[in-house]
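Q: Structure, please.
(one chain, ligands or ions: 2)
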Amino acid sequence: MSSSLIDRLEADHVLPADAFLTLLMQQTPAVQEELARRARAVRERIYGKTVYIRGLIECSSFCKNDCYYCGLRRSNQNAQRYRLTEEEILQCCAEGWQLGFRTFVLQGGEDPALSPDCVARTVRAIKKRFPGCAVTLSLGEHSKDVFQIWKEAGADRYLLRHETASDAHYRRLHPAQMSLLHRKQCLWDLKALGYQVGAGFMVGSPGQTKAHMVEDLLFLYELQPEMIGIGPFLPHHDTPFAREPAGTCQETLFLLSVLRLMFPHVLLPATTALNTVDPHGRELGILAGANVIMPNLSPTQVRKKYLLYDNKACTGEEAAESVAQIDRTLQKIGYSLTVSRGDPVI
Ligand code: SAH
Ligand code: SF4
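A: Ligands and ions are numbered 1, 2, ... in the order given. Got it, this is the predicted structure:
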């Protein structure tokens, strides 16, 4: 039964909703292994055994939003707030460039002090000082005009997880001022402007059902993003979801493999959250079909302040200083890091 569903998924890249639901209900180790084996084969046909790296620079922990799951939400009075200056960001890039990073991801809360012009200036400065690099932004929801200013400044990619494609579930995760419709509109605007776009969702977020996940898969199929970020939900002690259970490594791996079969060319990271929930999350993610990792390039003293969730993996191996060590870990499972911008293979 599941094997014929996997055949269909590999051939058609999508399933009807009821068939997706059936597949998601069958998360046995045998099905998981079969999915991962097929996902690896598809990924190796297109990307070989190479893994792309992106340097993550957490540029601001200020946020005007109040997402119930996130430690940076504005109601969290205990969050430590900081904002990197342009010079500090360029310094992070310089260190990353030395280490072989050719993509820099500027991620942060929706910080009103990071004006459109200020971000555009920083993007221009990075592109000028590091010719040939790619700049990815992940700075939340903005107007199409603002996205356009950043595109014209040289930004190549934008990561904006849709978080959940279900209206009812979106309401469970966000206060009334935020809107799924607007978030989805941002993704369509980014596409129209020519960005490489990344969407995605948390696995195991409070109230999430398998039916919601099917909606996520079908929304992603409609959007056809170049990148997809998924990772387990992890509780943060100073949020309304402090006592909610975390998403699992196993379910995240299952979905990574499903996504690889749906989107053979997609750039799919094994995320920090996956590495936080399981110390081998990164390798397991790669073995499930992921082909990107995003080590942390932020200055060491701010890493602990950018706390979306508790127990964030942000020392030792997670940090960019140990790129060589990450490479060694990957080589043990037959993969290796590559120095490149890491654009999707079309
Ligand atoms: N402010 C921007 C970017 C920073 S948040 C934005 O929201 O798009 C980046 C991602 O972190 C979010 O999209 C969300 O999926 C994830 N995240 C936030 N809190 C989390 C938590 N408690 N557990 C796991 N992932 C979380
Ligand atoms: Fe802000 Fe992003 Fe956290 Fe929501 S998930 S509170 S938008 S940083």
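Q: which helices and strands does whichever strand or helix holds Leu261 pack with?
A: When secondary structure is defined by DSSP states H and E, Leu261 falls within helix 249-262. Helices and strands touching helix 249-262, by 3 or more Cβ pairs under 8 Å, 6 or more residues apart in numbering; DSSP states H and E, are helix 2-12, helix 17-24, helix 29-47, strand 196-203, helix 210-223, strand 227-232, helix 272-277, helix 281-287. Using the backbone N, CA and C atoms, a C-beta is placed for each residue, glycine as well.
Q: which residues touch the first one?
A: Which is helix 2-12. 15, 19, 22-23, 26, 31, 34-35, 38, 42, 258, 261-262 (Cβ atoms under 8 Å, 6 or more residues apart in numbering).
Q: Buried residues, it. List them.
A: By 16 or more other Cβ atoms under 10 Å, the buried positions in helix 2-12 come out as 2, 5-6, 8-10.
Q: same check, this time on the longest one
A: The neighbour-count check on helix 29-47 (16+ other Cβ under 10 Å) flags 31-32, 35-36, 38-40, 42-43, 47 as buried.
Q: Now do the phi/psi pair for Leu137.
A: phi -110, psi 150 (degrees, to the nearest 10).
Q: what is it paired to in the beta sheet?
A: On the basis of DSSP bridges, Leu137 is bridged to Leu106, Tyr158.
Q: Let me know the pLDDT of it.
A: What the model reports as pLDDT for Leu137 is 98.
Q: That one and Tyr158 touch, don't they?
A: Yes. At 5.2 Å, Leu137 counts as touching Tyr158 under the criterion of Cβ atoms under 8 Å.
Q: if we can go back for a sec, widest-spaced pair of the contacts of helix 2-12?
A: Using Cβ to Cβ, these span at most 21.1 Å, a distance reached by Thr22 and Val42.
Q: Give the rounded mean pLDDT of the helix holding Leu261.
A: The average pLDDT within helix 249-262 is 98.
Q: buried residues in that helix?
A: 249-262.
Q: Kindly report the same for stretch 338-346.
A: By 16+ other Cβ under 10 Å, the buried positions in stretch 338-346 come out as 338, 342, 344.
Q: now do stretch 177-187
A: Result for stretch 177-187 [16+ other Cβ under 10 Å]: buried residues 178, 180, 183-184, 186-187.
Q: Stretch 107-115 now?
A: For stretch 107-115, a neighbour-count test (16+ other Cβ under 10 Å) marks 107-111, 114 as buried.
Q: Contacts for that stretch, please.
A: With contacts defined as Cβ under 8 Å, 6+ apart, stretch 107-115 is touched by 56-65, 72, 83, 137-141, 159.
Q: and the end-to-end length of it?
A: Stretch 107-115 has an end-to-end distance of 14 Å (Cα to Cα, to the nearest Å).
Q: just stretch 100-117 next, same as before
A: Counting by Cα to Cα, you get 28 Å between the two ends of stretch 100-117.
Q: same check, this time on stretch 22-34
A: 16 Å.
Q: do the same with stretch 291-301
A: Note: stretch 291-301 ends 29 Å apart using Cα to Cα.
Q: As TSV, the helices and strands packed on helix 249-262 with mean pLDDT and distance to Phe130 would be great.
A: Listed next are these as TSV, based on pLDDT from 0 to 100; distance: least, Cβ to Cβ, whole Å:
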stretch	mean pLDDT	distance to Phe130
helix 2-12	94	39
helix 17-24	98	41
helix 29-47	97	24
strand 196-203	98	18
helix 210-223	98	30
strand 227-232	98	20
helix 272-277	94	23
helix 281-287	97	25
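Q: Let me have these in CSV, extended by distance to Leu297.
A: Below are those laid out as CSV (distance: least, Cβ to Cβ, whole Å):
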stretch, distance to Leu297
helix 2-12, 36
helix 17-24, 35
helix 29-47, 23
strand 196-203, 18
helix 210-223, 27
strand 227-232, 17
helix 272-277, 12
helix 281-287, 16
